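Below are the sequence and a predicted model; questions follow.
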Amino acid sequence: MTADIVLILGVALVVVLGQTLLKIGMGSVGFISVGRLRAMGGLAYRIARTPAVIAGLGLYAGAAVAWIIVLSRDDLSFAFPMLAVSYLGVPIAGILVLRERLRMVQYVGLVAIAVGVATVAASRGS
């Protein structure tokens with residue numbers, strides 16, 4: 001496995017962790033309705049003081065820096081499709097960490113994504 005693929009997978013992992021932390025954090029903030037958006041100042045303050053949200057956003061900042069490094073080294077047509085591996089990791093984190101349930105059609109979609117990522121990864125050797 002090349003260093004570039006490892007770096008891309010690292011970015012994807014950080015994105016998965018960031019998404020998971022954002023979901024956990026927003027679970028403590030609660031449902032945001034249109035009425036709550038009217039009181040945006042108080043809502044923004046509450047969100048900004050939620051540790052999991054802060055951590056999730058921090059991970060996104062780190063992922064953005066790593067992604068810039070990836071883009072300096074790889075073709076976008078290769079790197080961006082490889083980042084779709086995060087679309088596999090987020091639902092897995094949802095199942096394992098958040099105890100979410102997926103429907104069969106979602107599993108079928110995840111398999112399709114996995115095949116696509118594997119196909120793009122295999123194109124590196126062509």
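It's in. Quick caveat, the model's predicted, so the values are computed rather than measured.

mind checking how far stretch 83-96 is from the chain centre?
7 Å (Cα atoms, centre = their mean, to the nearest Å).

Identify each buried residue in it, please.
Using 16 or more other Cβ atoms under 10 Å as the test for burial, stretch 83-96 gives 83, 85, 86, 87, 88, 89, 90, 91, 93, 94. Any C-beta I mention is one placed from the backbone N, CA and C, and that applies to glycine too.

what sits up against it?
When contacts are defined by Cβ atoms under 8 Å, 6 or more residues apart in numbering, stretch 83-96 is touched by residues 8-9, 11-13, 15-17, 19-20, 23, 67, 100-102, 106, 110, 113-114, 116-117.

and what of stretch 14-27?
Outside stretch 14-27, the residues that touch it by Cβ under 8 Å, 6+ apart are 32, 47, 50-57, 59-60, 62-63, 66, 83, 86, 89-90, 92-94, 97-98.

burial measure for residue 10, as a count.
By the other Cβ atoms under 10 Å criterion, the neighbourhood of residue 10 contains 14 residues.

That one and residue 65 touch, don't they?
No - judged on Cβ atoms under 8 Å, residue 10 makes no contact with residue 65 at a distance of 11.4 Å.

Could you list the low-pLDDT ranges of the protein?
Across the chain, residues meeting the criterion (pLDDT under 70) sit at 1, 36-39, 125-126.

where along it do the helices fall?
With helices called from DSSP state H, the chain shows them at 3-29, 34-38, 40-48, 51-73, 76-82, 86-96, 104-123.
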